[in-house]
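J.: coordinates only, sequence not included:
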């Protein structure tokens, strides 16, 4: 997995980056091909915002974003969304029948 973490309007934190990497590790079990992931962590006034963009090997893009008072909470919430979208996509691909 090719991971890019960007911090905007906040100090970079190694603990926060490690938290994101640990949460994204559960996505790897769904795809054998390399996945490119862009994570943007930003602070907007009093809100913490996280945006995740997954680009699969076939060009499919899966996006998720979340805003919360705490950045760690936002990471958990957005990973639930991304996990749900990835599972739905994987089920769709595996159960899709070709023109038989």
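T.: Looks like it came in fine. Quantities reported herein were computed from a predicted structural model and do not represent experimental measurements.
J.: can you classify the nearest residue to residue 9 once chain neighbours are set aside by secondary structure?
T.: With C-beta to C-beta, 6 or more residues apart in numbering as the measure, residue 43 is the residue that lies nearest to residue 9, at 4.5 Å, once sequence neighbours are left out. The way it works is simple: take the backbone N, C-alpha and C, and place the C-beta from them, glycine included. At residue 43, secondary structure determined by DSSP: H, G, I helix; E, B strand; the rest coil is strand.
J.: beta partners of residue 43?
T.: Partner residues in beta bridges with residue 43, using DSSP bridges, are residue 48.
J.: that one touches residue 13, doesn't it?
T.: No - contact status for residue 43 versus residue 13: not in contact, 11.5 Å apart, counting by C-beta atoms under 8 Å.
J.: ok, back up a step: OK, contacts around the residue nearest to residue 9?
T.: Residue 43 makes contact with 8, 9, 10, 49 under the criterion C-beta atoms under 8 Å, 6 or more residues apart in numbering.
J.: hmm, who's touching the longest helix along the chain?
T.: When every helix of the chain is counted residue by residue (DSSP state H), the longest turns out to be helix 71-95. If you take C-beta under 8 Å, 6+ apart as the criterion, helix 71-95 is touched by 16, 19-20, 23-24, 26-27, 30-31, 41, 48-52, 54, 60, 62, 64-68.
J.: what's the ChimeraX line that selects buried ones from those residues?
T.: Selection of the buried residues among those in ChimeraX, burial being defined by 16 or more other C-beta atoms under 10 Å:
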select :16,19,20,23,24,27,31,41,48,49,50,51,52,54,62,64,66,68
